[in-house]
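**Student:** Predicted model follows, preceded by the sequence.
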Amino acid sequence: MTDRALVVVRAGALTTVQDRGRPGHAHLGVPRSGALDGPAAALVNRLVGNPPGAAVLETTLDGCALRPRTAVTVAVGGAPCPVAVDGGPAAWAAPVRVPAGALLEVGAPTSGVRSYVAVSGGIAVAPVLGSRSTDLLSGLGPPPLANGAALPLGRPGAPHARVDVAPQPAPPAELVLRFLPGPRDDWFTPEALRTFGTRAYTVSPAANRIGLRTLGPALERAVGGELPSEGMVSGAVQVPPDGRPVVFLADHPTTGGYPVIAVVHPADLPAAAQAPPGTPVRFVRGTERGGR
Amino acid sequence: MRALRVGAEALLVEVASGEQARALHAELLRRRAAGSLTVGEIVPAARTVLLDGLRDPARLAAELTAAEVPPAPPPPDAAVEIPVRYDGPDLADVAALWGVTEREAARVHAGTVFTVAFCGFAPGFGYLTGLPERYEVPRRATPRTAVPAGSVALAGPYTGVYPTASPGGWQVIGHTDAVLWDPARVPAALLSPGTRVRFVAVGAS
């Protein structure tokens, strides 16, 4: 077996391999997938000298622990968390040298949900339709990490980045999501549209990579019945029969039959990926360019 | 035809019928191939075509609603043939809804030329149209928690084949050994929008 591998010592609650996903296959029913906090994934790749599309690890709420069989440079970013190498503290959001056989521990985040771990050379599992991302809706890509698994690593290409520490926005205490109404806002009562744009919601414990489910006032429909299936985009705010809005994230289904009341601006979705259950959510009407 | 805004980067173009959706989809594919349309995803569905990853959706919306969509080109002559054992657990119910024997229900289904109207639900799952309206059936009152891969099933106006095992509420009339979805194969999906399909009855193995 090759030495360029990463052994999973503690997989954590849900750690997946992610890159920039597999766009261009939605018409076949293939979700885009990819890192939920794309800017964080791109940044950790830069810190270890990987191209921005290299595959990284995305942890969920409690980190993971890894043992490389060969010396590597790693960077941990996204949700701020403690980082340790063989028990000694190491830097977060900075390149860290991990000797062959040493234990890299990525702790539970102090805020936010998803930390990203880039390893020099990238995670080199076999791509599926051009991407190494785990898609939890349709099961494409590698399975979530399991204890004892070994992940192949690619060969580092570029020299390491010169940046030593990169500032990253802290996950917000309140999630503000700018939206444009439609395409199916006319399926809702005027009261529901007002409620959506003014009342407070919170992130539901059922939020996942498919959608940011919310808890809060139910949105009442003006039109009953079922909508014929139609294409869905990331950021679409779908309203299922219980009336609580769900913001579609990377692993969302490509078509759906519940009406979409609004679409969240793409620039706000990385923050949505970092909002733990219970975080207050406000939907505010934005403009074409995203601003208010 | 209506073009609905879907956020800052997408449009949902809505038409009156499945046939018009097919024509619009064909025209949009033609424009993309000709280089006059730059778009990330073109996703046809029952009565709509979604265009995602657009630079200027407002301009395209105005342009599309002003233009005539040429009628859909005739479907390709070649049809994908899918061998089916008509032995599904819901075949008797479907035959009863149609008012025919099970044998006749299988004959009607295998005698129909289908077209993939659109895909969704799971990678490689096509929504096939072609059965006359009188053969529409409701979903099962209680969905099954596990429908095996290769199940050939009906719901509403559609026929579909489950590419992988999954929960499902469609009426299963038969099974096929055809591989609908294989990410290691090129193309991965046996069926894509616009593909013509014939089901060929085979005996139980």
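**Tutor:** Cool, the structure landed. A quick note: this is a predicted structure, and the numbers were derived from the prediction, not measured.
**Student:** Give me every residue in chain B lying close to chain A.
**Tutor:** For chain B, the contact set with chain A under Cβ under 8 Å from any Cβ of the partner chain comprises B:4-10, B:12, B:40-50, B:52-53, B:58, B:118-125, B:127, B:164, B:183, B:188-189, B:192-193. For every residue, glycine as well, the C-beta is placed using N, CA and C.
**Student:** Let's check: the centremost residue of the chain is which one?
**Tutor:** No chain specified, so I'll use chain A. Nearest residue to the geometric centre of chain A (Cα atoms, centre = their mean): A:Leu36, 1.8 Å.
**Student:** wrong one, I was asking about chain B
**Tutor:** Centroid check for chain B by Cα atoms, centre = their mean gives B:Tyr127 as the closest residue, at 2.3 Å.
**Student:** ok, the residue lying closest to A:Met232 once chain neighbours are set aside - how many residues close by?
**Tutor:** Distances taken as Cβ to Cβ, 6 or more residues apart in numbering or on different chains place A:Gly256 nearest to A:Met232, at 4.9 Å, with adjacent residues excluded. Applying other Cβ atoms under 10 Å in any protein chain shown, we find 21 residues neighbouring A:Gly256.
**Student:** distance of A:Asn50 from A:Thr134?
**Tutor:** In this view, A:Asn50 and A:Thr134 are 18 Å apart by Cβ to Cβ, to the nearest Å.
**Student:** Would you mind giving the domain segments of chain A?
**Tutor:** Under the assignment automatic domain parsing, the domains of chain A span A:5-152, A:175-285.
**Student:** for chain B, same thing?
**Tutor:** Taken from automatic domain parsing, chain B resolves into B:2-66, B:79-201.
**Student:** Let me know the helix or strand that A:Thr214 is in.
**Tutor:** Using DSSP states H and E, A:Thr214 maps to strand A:211-215.
**Student:** circling back: columns distance to B:Ala110 and mean pLDDT on top of the domains of chain A, output as a markdown table?
**Tutor:** Shown next, in a markdown table, are the domains of chain A (distance: least, Cβ to Cβ, whole Å; pLDDT from 0 to 100):
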| stretch | distance to B:Ala110 | mean pLDDT |
| --- | --- | --- |
| domain A:5-152 | 25 | 97 |
| domain A:175-285 | 26 | 96 |
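**Student:** Quick one: closest of those to B:Tyr86.
**Tutor:** Nearest to B:Tyr86, of all the domains of chain A, is domain A:5-152, at 25.3 Å by Cβ to Cβ.
**Student:** Quick one: end-to-end distance for that closest one.
**Tutor:** Taking Cα to Cα, to the nearest Å, domain A:5-152 runs 4 Å from one end to the other.
**Student:** tally of neighbours for residue 69?
**Tutor:** Since you didn't name a chain, this refers to chain A. Neighbour count for A:Arg69, taken as other Cβ under 10 Å: 16.
**Student:** wait, chain B
**Tutor:** B:Val69, neighbours per other Cβ under 10 Å, totals 17.
**Student:** I figured it was touching B:Glu27, is that so?
**Tutor:** Yes. Between B:Val69 and B:Glu27 there is a contact under Cβ atoms under 8 Å: 5.2 Å.
**Student:** just the strands in the stretch 1-150 of chain A please.
**Tutor:** A:5-10, A:16-18, A:56-58, A:64-68, A:72-78, A:83-85, A:88-90, A:96-98, A:104-106, A:115-119, A:150-152 (DSSP state E, counting those that start in this stretch).
**Student:** The helix or strand that the last one is followed by pairs with which strands?
**Tutor:** Okay, so that is strand A:150-152. Sequence-wise, the next helix or strand downstream of strand A:150-152 (DSSP H and E) is strand A:175-181. Strand pairing for strand A:175-181, determined by DSSP bridges: strand A:260-264 (antiparallel), strand A:280-285 (parallel).
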